[in-house]
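Undergrad: what would the 3D arrangement of this be:
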Amino acid sequence: MNETSAPNVTMFPGQDSELPDTALGRAQLRDLLETAVSDLPPHLRPPFLLCEVEEMSILAIASQLQINPITVRTRIFHPRRRLQTTIENRVRGGFEAIFPFSGTRCANMTSLVIARLQAVGAL
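TA: Okay, here's the model as predicted:
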């Protein structure tokens, strides 16, 4: 095969970078988690991050921070509960709270999709 001009390369499905809506959702989730973790009290944040991010054991964290392993367990348990509550409160209301849609815009889009499906005989 001899290519004299710039080749046209067609990407296979799944080879493209992340879809914009996926990237946006990931960024929003990351922001939510970063904010929730940064809002933790200073004495709870290090043990939690060492456990969840660095994947250190309870004993290793206790040794590193020079605190009792039972205290480490407590300082990991409480942030988990706080994060759970924060996330639940933030996403309360379902999709509307996470991905707000304009009612009229959404209704119009739905009508267009249904009309096209009816036009091609899919409905």
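Undergrad: only C-alpha atoms from now on, for both contacts and neighbour counts.
TA: Noted.
Undergrad: from G25, how far out is L19?
TA: 10 Å (CA to CA, to the nearest Å).
Undergrad: more neighbours: which of the two?
TA: Between L19 and G25, counted using other CA atoms under 10 Å, the more crowded position is G25 (13 against 9).
Undergrad: could you look up the next helix or strand downstream of the helix or strand where the more buried one lies?
TA: Using DSSP states H and E, G25 sits within helix 20-38. Later in the chain than helix 20-38, the nearest helix or strand by DSSP H and E is helix 45-52.
Undergrad: what angle separates that next one from helix 20-38?
TA: Counting by axes from the mean of the first three to the mean of the last three CA atoms, to 10 degrees, helix 45-52 lies at 130 degrees to helix 20-38.
Undergrad: give me the contacts around helix 45-52.
TA: Residues outside helix 45-52 that contact it (CA atoms under 8 Å, 6 or more residues apart in numbering): V37, S38, M56, S57, I58, I61, L65, V72, R75, I76, P79.
Undergrad: just the buried members of those residues?
TA: Neighbour-count burial (16 or more other CA atoms under 10 Å) applied to the contacts of helix 45-52 gives V37, M56, I58, I61, V72, R75, I76, P79.
Undergrad: of these, just say which sits nearest to C106.
TA: Nearest to C106 out of the buried ones among the contacts of helix 45-52 is V37 (CA to CA; 33.8 Å).
Undergrad: that closest one and P47, how far apart?
TA: 12 Å.
Undergrad: shared neighbours, those two?
TA: By CA under 8 Å, 6+ apart, no residue touches both V37 and P47.
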